[in-house]
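**Q** Sequence plus the predicted model coming up.
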Amino acid sequence: MPCMSPTRGKSFLACVKRAGCFTCLVNGLFLTVPVAGEAGAIDVDGWRLVQTVAAGRIYHREVEGSSVPWAMLVTTFDTTPERVHAVVVDYDHFAEFIPNVFKSRVMAREGRTQWIYHHLQFSAPITDRAYLIRSSDGECWVQQPCYRVEWTLDDRSFQDIDLSAGIQPNAFSGFWELRSTDKPNRTEGRYAVYSEPGGFIPGWLVTRMTDRYIQQVVEAVRERLGALSN
């Protein structure tokens with residue numbers, strides 16, 4: 001995301017320092033990823049394990065023609081896939097627990113597809129983002145209970161939303177995949193994002209921001225699940 005005054009040195013440095021704020025929830029595709037292995041190993045779908053963090057394992061997958069890869073966090077939740085799914089599609093309440101979400105509003109529903117308006121808010125000099133996504137629930141095609149939620153930017157028109165409230169990203173897609181494990185009340189979660197936020201941000205910095213943000217979102221979902229259990 002651009003600084004308010006990208007030509008001024010101090011503003012640019014402030015932007016870089018705060019850059020970890022951006023990227024959002026967020027959710028396209030089910031892909032099989034190794035849950036164990038050495039960093040740098042590449043599976044058949046092109047996912048490469050890049051690091052292990054407290055929240056889980058981070059994988060990247062290259063995107064042709066882009067300096068920014070997909071980023072995915074593989075983690076576990078101590079509850080059922082049904083409960084995690086209910087939280088990650090609770091779009092009307094995202095502003096209560098997802099980082100940087102100022103407004104989140106479901107504009108329309110058609111079957112298993114929803115259109116959602118998001119306004120992400122940041123402290124100056126970071127510029128807000130405002131956009132519409134199309135989110136769909138899909139099938140995982142596995143024997144155990146499994147949910148998959150995919151989303152991407154959409155240009156459908158709705159009244160009463162203000163896309164001028166912030167910059168619209170150049171690209172924003174992602175998915176949640178949630179499947180039960182052989183342990184009761186345990187869910188394997190895969191949360192992935194591909195984001196090109198627009199503005200004057202180099203690809204390496206967008207990648208670092210995205211890696212950080214997927215961890216923040218997973219932890220926010222974990223905390224939400226805990227709060228709803230109390």
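**A** That came through, no problem. Treat the numbers as computed from the prediction; the structure is a model and nothing was measured.
**Q** which element is Gln215 on?
**A** Per DSSP states H and E: Gln215 is located in helix 203-229.
**Q** go on, Ile201?
**A** Using DSSP H and E, Ile201 sits within no helix or strand.
**Q** Need the phi and psi values for it.
**A** phi -120, psi 120 (degrees, to the nearest 10).
**Q** What is the neighbour count of it?
**A** 20 (other CB atoms under 10 Å). In this view, the C-beta of every residue, glycine as well, is placed from N, C-alpha and C.
**Q** how close does it get to Ser67?
**A** Separation of Ile201 from Ser67 (CB to CB, to the nearest Å) stands at 11 Å.
**Q** How about Tyr194?
**A** Tyr194 is 12 Å from Ser67, by CB to CB.
**Q** Of the two, give the one with the bigger neighbour count.
**A** Neighbour totals were compared for Tyr194 and Ser67, and Tyr194 leads with 22 against 12 (other CB under 10 Å).
**Q** dump the residue contacts of the more buried one.
**A** By CB atoms under 8 Å, 6 or more residues apart in numbering, the contact set of Tyr194 is 28, 63, 68-71, 171-174.
**Q** Surely it is in a strand?
**A** Yes. Counting by DSSP: H, G, I helix; E, B strand; the rest coil, Tyr194 is located in a strand.
**Q** what's the pLDDT at it?
**A** Tyr194 carries a pLDDT value of 97.
**Q** State the distance from it to Tyr91.
**A** 19 Å.
**Q** re earlier: mind checking which of the contacts of Tyr194 are buried?
**A** The neighbour-count test (16 or more other CB atoms under 10 Å) applied to the contacts of Tyr194 identifies 28, 68-71, 172-174 as buried.
**Q** what does the average pLDDT come to for stretch 167-184?
**A** pLDDT averaged over stretch 167-184 gives 93.
**Q** Pull out the buried positions in stretch 157-164.
**A** 161, 163.
**Q** Which residues does that stretch contact?
**A** For stretch 157-164, the external contacting residues (CB under 8 Å, 6+ apart) are 105, 107-108, 115, 117, 119, 130-132.
**Q** Most neighbours of all those residues, which one?
**A** Tyr131 (22 neighbours).
**Q** Helix or strand: which one has the closest residue to Leu153 other than its chain neighbours?
**A** Spatially, and ignoring its direct neighbours in sequence, Leu153 is nearest to Phe172 (5.2 Å; CB to CB, 6 or more residues apart in numbering). Per DSSP H and E, Phe172 falls inside strand 171-180.
**Q** Neighbouring strands of that strand in the sheet, and parallel or not?
**A** Counting by DSSP bridges, the strands paired with strand 171-180 are strand 146-153 (antiparallel), strand 187-196 (antiparallel).
**Q** Which one of those lies nearest to Gly56?
**A** Closest of those to Gly56 is strand 187-196, at 8.0 Å (criterion: CB to CB).
**Q** got the angle between that closest one and helix 203-229?
**A** 140 degrees (axes from the mean of the first three to the mean of the last three CA atoms, to 10 degrees).
**Q** secondary structure class for the closest residue to Asp155 other than its chain neighbours?
**A** The spatial neighbour of Asp155 that comes closest, neighbours along the chain excluded (CB to CB, 6+ apart), is Leu132 at 7.3 Å. Leu132 falls in the strand class when you classify it by three-state DSSP.
**Q** List the contacts of Leu132.
**A** Contacts of Leu132 (CB under 8 Å, 6+ apart): 107, 115-118, 153-156, 158, 161, 163.
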